[in-house]
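*Asks:* dropping a prediction and its sequence here:
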Amino acid sequence: MRGALAMTTLLLFLVLSRFSIASASTKQDQVYIVYLGEHAGAKAKEAIQEDHHALLLSVKGSEEEARASLLYSYKHSLNGFAAILSEEEATELSGRREVVSTLRSEGRWAPHTTRSWEFLGFEEGLRDPDGSDWLPSAAEASRDVIVGVLDSGIWPESRSFSDEGLGPVPARWKGVCQGGDSFSSTSCNRKIIGARYYLKAYEAFYKGLNTTSAFRSPRDHDGHGTHTASTVAGRTVPGVSALGGFAAGAASGGAPLARLAVYKVCWPIPGPNPNIENTCFEADMLAAIDDAVGDGVDVMSVSIGSTGTPLRFADDGIAVGALHAARRGVVVVCSGGNSGPKPATVSNLAPWILTVGASSIDRAFHSPIKLGNGMTIMGQTVTPYQLPGNKPYHLVHAADAVVPGTPANVSNQCLPNSLSSEKVRGKIVVCLRGSGLRVEKGLEVKRAGGAAILLGNPPAYGSEVPVDAHVLPGTAVSAADARTILGYINSSSSPTATLDRSRTVVDVRPSPVMAQFSSRGPNVVEPNILKPDVTAPGLNILAAWSEASSPTKLDGDNRVVKYNIVSGTSMSCPHVSAAAVLLKAAHPDWSSAAIRSAIMTTATINNAEGGPIMNGDGTVAGPMDYGSGHIRPKHALDPGLVYDASYRDYLLFACASGGAQLDRSVPCPARPPPPYQLNHPSVAVRGLNGSATVRRTVTNVGSGEARYSVAVVEPPGVAVKVSPGTLRFAHTGEKKTFTIRIQAKGSNGRAIGKYLAGSYAWSDGVHVVRSPIVVLAA
């Protein structure tokens, strides 16, 4: 996650830590996932587990050793198990006919870390003057929909998880409320209907759990899981705010009547400050996905992604688990990551996963900065502290106030122990984002005796300003304003500034704006599938928080909050999960692919003013930034047409994409259709040299007869012809197939190696079913 926690640092840290993980793995047995594909017919859970034991016994020395090595037996959706194996044993198992693949389970996964729902209604042009119509009518029906949240657990006492007025738990629910540290069966209710925790792979790697920084139970010590759970399905709670009274109002999840099932899979990374970051092991997550399917969840919200080089689908445990969940009708929604704006950084890349980017809402926390030269610059902050005296304080640039030996390339970063107390005492210190956590920069300024922090964006982050509850007075500014402030410091012999009190403002324009931290496409595993799929609110989101964690999670920050403001694709993911819940309630017979299609094809590429969605650096955003666009949940309830896809379609896609046979019972054909032929709601063609013809099939989900005509926006230098140009449907449920011929226009050398964007859209005068087209010219 980002925002107060600066999750980019987490991802960089985990990339580095992978090298130590890899070196350790060669010296001792590791946790491996042995994937066997689908279950062959109906079998009792005990029989499945005995099959897994038998396979383990074939490489282990004894029955006792085989049983002791087994961590998880996946029984509900996919067929497989997790066990402690040597590299030689894993290699031997991977050669067996019944084994699809063996995957080493590593801690390469991590969390990607109110007003947002009202803003979504405004984006759709659906909000009443009193703001009452921001929840779609399907919200009432969602009281029987179950959403599973894979994360760091939950703080059950939060008012966001009250079960007041909710009826009995749905009879089809098969889950449990697993007890543990500070969590009992009574911690669940008619809202939190189930809770489990998984840490066998984590403990196998770290040799145990430090219970001073985590609960051995579903209880959330971190805050991330509580935040995401309340964003997707938290009850409507009036009169809440962040620390300092910011963002005051009613907090609500997108599906406030839906039921929550909690699967705790993320745990603290041991170290000097284990409270800062979490890690999540694949074997633990796969066990949670398997149980969630068996328990009866309808939607799975996973604000977690991998670090390092993305794995091919056959080696990606989460992709494998999500595939089997999708086969059983479960919609799996995942965050796209916080490694933007660099291209090719998006994670969770399988087409059967709905992958989410992050964008802003129309709320800001204005904090005026009055410079000594008379200029006023507008910062943003949610720190509750004020400089005393309402008077000017001296300004100093961190790069001019570091201790000797500080590397020049990070001298402006306010990294731990880098500032000279003599040079910053009693002053406002200007630091830049980049290396290190944002809130740690404030802590360093406080340690050195600075009066306040003024945190500036580097150019890459543009106008995006995540806000933080710093441990001292302070504010944050855009890249352009940071340049202005530094220019003033350099031109003045005695620069000063006054920091005025911050206030919450709404109806900020333009909005939404793509967050610069949001990971970007293209899809590095399969460029013929566009990722991310959509974007949703993920910047400065207020939601419930764990009372075991401070708003910054820093050592020495003993403040306790019930609600916290955080940023990241971790926050945008549950917004889309809630939209999927509402669709599941309205259309319980729709497949996961149909629900994903409805959300994608009704998304908008325009901001609330009608102009194009922009990036935080001021450039016009495109499909590599937001996929199909910004979600519009109420439009998605009535999409007109949907693109459906089956389990077999996905298997054929995997065969074409890297030759991965994901199910031994379905052999790959000698010549599978190209990956871009998957019946997906977006179109991406890599390496266009001449022409390509793409086939798509749509299903009429409107009411009865319909006539749709197509409109095309051609990518620059590319001709697009859709045939036929009109689709006529006689009844609901009827399918129609069409082709999209994509052809390069002449020889355009300047387009070679570039992604070119266009779109096509079907409309019957009421519905607009839009799909982006992205072409990489060869």
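*Replies:* Structure's in. What do you need?
*Asks:* stretch 585-593: end-to-end distance?
*Replies:* Start-to-end span of stretch 585-593 (Cα to Cα, to the nearest Å) is 15 Å.
*Asks:* now do stretch 550-567
*Replies:* This stretch, stretch 550-567, spans 16 Å end to end (Cα to Cα).
*Asks:* quick one: mean pLDDT for that stretch?
*Replies:* Across stretch 550-567, pLDDT averages out at 93.
*Asks:* report how many residues lie close to Leu550.
*Replies:* In this structure residue 550 is Ser, not Leu. 24 (other Cβ atoms under 10 Å). C-betas here are computed from N, CA, C, even on glycine.
*Asks:* tell me who's in contact with the residue nearest to it when sequence neighbours are not counted.
*Replies:* What sits nearest to Ser550 in space, not counting adjacent residues and going by Cβ to Cβ, 6 or more residues apart in numbering, is Asp557, at 4.0 Å. For Asp557, the contacting residues are 471, 550-551, by Cβ atoms under 8 Å, 6 or more residues apart in numbering.
*Asks:* please apply the same query to Val297.
*Replies:* So Val297 contacts 146-148, 261, 330 (Cβ under 8 Å, 6+ apart).
*Asks:* now swap in Met624 and tell me
*Replies:* 343, 520-522, 755, 757, 774.
*Asks:* what's the mean pLDDT across the one helix or strand it maps to?
*Replies:* Assigned by DSSP states H and E, Met624 belongs to helix 623-626. What helix 623-626 shows for mean pLDDT is 98.
*Asks:* isn't there a helix covering Ala543?
*Replies:* No - looking at Ala543 with DSSP: H, G, I helix; E, B strand; the rest coil, it is strand, so not inside a helix.
*Asks:* just give me the neighbour total for it.
*Replies:* Applying other Cβ under 10 Å, we find 28 residues neighbouring Ala543.
*Asks:* and for Arg632?
*Replies:* Number of residues near Arg632 (other Cβ under 10 Å) recorded here: 20.
*Asks:* please verify my assumption that it contacts Met600.
*Replies:* No - between Arg632 and Met600 there is no contact under Cβ atoms under 8 Å: 10.7 Å.
*Asks:* mean confidence (pLDDT) on the helix or strand where Ile599 lies, please.
*Replies:* Per DSSP H and E, Ile599 falls inside helix 592-601. Taken as a whole, helix 592-601 has a mean pLDDT of 98.
*Asks:* contacts for that helix?
*Replies:* Against helix 592-601 from outside (Cβ under 8 Å, 6+ apart): 325-326, 329-332, 352, 354, 533-534, 576, 579-580, 583-584, 587, 590, 627-628, 631, 633, 636-637, 639, 641-646, 679, 681-682, 699, 701, 769-771.
*Asks:* buried ones among those residues?
*Replies:* With neighbours counted by 16 or more other Cβ atoms under 10 Å, the contacts of helix 592-601 contain buried members at 325-326, 329-332, 352, 354, 533-534, 576, 579-580, 583-584, 587, 590, 627-628, 631, 633, 636-637, 639, 641-645, 679, 681-682, 699, 701, 769-771.
*Asks:* any stretches of the chain with poor pLDDT?
*Replies:* 1-27, 41, 113-141, 747-751 (pLDDT under 70).
*Asks:* pull the CA atoms of the helix holding Met624 into CSV?
*Replies:* The C-alpha trace of helix 623-626 is given here as CSV (Å, rounded to 0.1, in the frame of the first residue of the first chain):
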residue,chain,number,x,y,z
PRO,A,623,-5.0,2.3,-21.8
MET,A,624,-1.5,1.6,-20.4
ASP,A,625,-2.4,3.7,-17.5
TYR,A,626,-6.1,2.9,-16.8
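*Asks:* by contact count, what packs against the helix or strand that it is followed by?
*Replies:* Note on helix 623-626: by DSSP H and E, the next helix or strand toward the C-terminus is helix 633-636. Counting contacts by 3 or more Cβ pairs under 8 Å, 6 or more residues apart in numbering; DSSP states H and E, helix 633-636 is packed against helix 569-586, helix 592-601.
*Asks:* let me know the angle separating the longest one from helix 592-601.
*Replies:* So that's helix 569-586. Calculated by axes from the mean of the first three to the mean of the last three Cα atoms, to 10 degrees, helix 569-586 forms an angle of 120 degrees with helix 592-601.
*Asks:* before we move on, the earlier item: I'd guess the residue nearest to Ser550 is in a strand, am I close?
*Replies:* No - counting by three-state DSSP, Asp557 falls outside a strand, being coil.
*Asks:* tell me how far it lies from Asp481.
*Replies:* According to Cβ to Cβ, to the nearest Å, Asp557 stands 27 Å off from Asp481.
*Asks:* would you confirm that Gly308 contacts Glu106?
*Replies:* No - using Cβ under 8 Å, Gly308 makes no contact with Glu106, being 9.0 Å away.
*Asks:* who has more neighbours, these two?
*Replies:* Glu106 (24 against 16).
*Asks:* mind checking the SS state of that one?
*Replies:* What three-state DSSP gives for Glu106 is coil.
*Asks:* quick check: it touching Glu282?
*Replies:* Yes - Glu106 is in contact with Glu282 according to Cβ under 8 Å; the separation is 6.8 Å.
*Asks:* not counting sequence-adjacent ones, nearest residue to Trp774?
*Replies:* One correction, residue 774 is Val, not Trp. Per Cβ to Cβ, 6+ apart, closest to Val774 is Ala684, 4.5 Å.
*Asks:* quickly find the element holding that neighbour.
*Replies:* Assigned by DSSP H and E, Ala684 falls in strand 683-688.
*Asks:* between Glu106 and Glu282, which contacts overlap?
*Replies:* By Cβ under 8 Å, 6+ apart, no residue touches both Glu106 and Glu282.
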